[in-house]
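> Below is the sequence, then the predicted model.
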Amino acid sequence: MPAREILLYGDPRLEQPCEPVEEFDSDLSTLVDDLFATSWKIPGLGVAAPQIGIGQRLAVVDISVGEDPSAQLVFANPEIVESTGRITLEEGCLSFPGLFTKIERPRGVTVAAQDLTGKRFEIEAEGLLAQALCHELDHLDGVLLVHHLRGLKRRMFLRRVDKMRRLGAWPGTLS
Ligand code: NI
């Protein structure tokens, strides 16, 4: 289960919509293992396939960060089928290491998806799990934290991105 390298903001593969998962085979299961390994190593609450350069509608979420096996969730071809309320929360992303920003999300969501074997399921989530699900599902449409920000907030966030790059705080992006 090797952890893979996370693509950082600026890589065009992060901003492309992903293709549906069609094959529920051993390759998919290996990919899911790698996604969990990647998420735990950093550590994060989840990771989406496009963040490791795989343009498939696949994400894993584990808000226990490896502590609780029952918290390990696999989402293939997920969709939000219902959402309730709005809440503004601080959020980060493995593709923007070290940066956080406040954005608005639904307070609760119901997500329909397929599991590792292709079986359909639904999950109702609130709180941190709802936030993590919304975040990872965004990735599958090429939507990133910065796309939720407008005007001055967006310009200030992008200035912080530039600063991280200039300081060499983002691996491989020292310019
Ligand atoms: Ni992210």
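Perfect, I can see it now.
> ok, the residue lying closest to L137 once chain neighbours are set aside - contacts?
Distances taken as Cβ to Cβ, 6 or more residues apart in numbering place P78 nearest to L137, at 5.5 Å, with adjacent residues excluded. The way it works is simple: take the backbone N, C-alpha and C, and place the C-beta from them, glycine included. Neighbour list for P78: 57, 59, 111-113, 133, 136-137, 140 [criterion: Cβ atoms under 8 Å, 6 or more residues apart in numbering].
> ok, 10 Å please
21, 48, 57-59, 61, 111-114, 121, 123, 133, 136-137, 140 (Cβ atoms under 10 Å, 6 or more residues apart in numbering).
> Mark which of those residues are buried, thanks.
21, 48, 57-59, 61, 111, 113-114, 123, 133, 136-137, 140 (16 or more other Cβ atoms under 10 Å).
> Helix, strand, or coil at the residue minimising distance to the centre of the chain?
Central residue of the chain (Cα atoms, centre = their mean): E136, 3.1 Å from the mean position. Of the three states, E136 takes helix according to DSSP: H, G, I helix; E, B strand; the rest coil.
> That's all I had, so thanks and see you.
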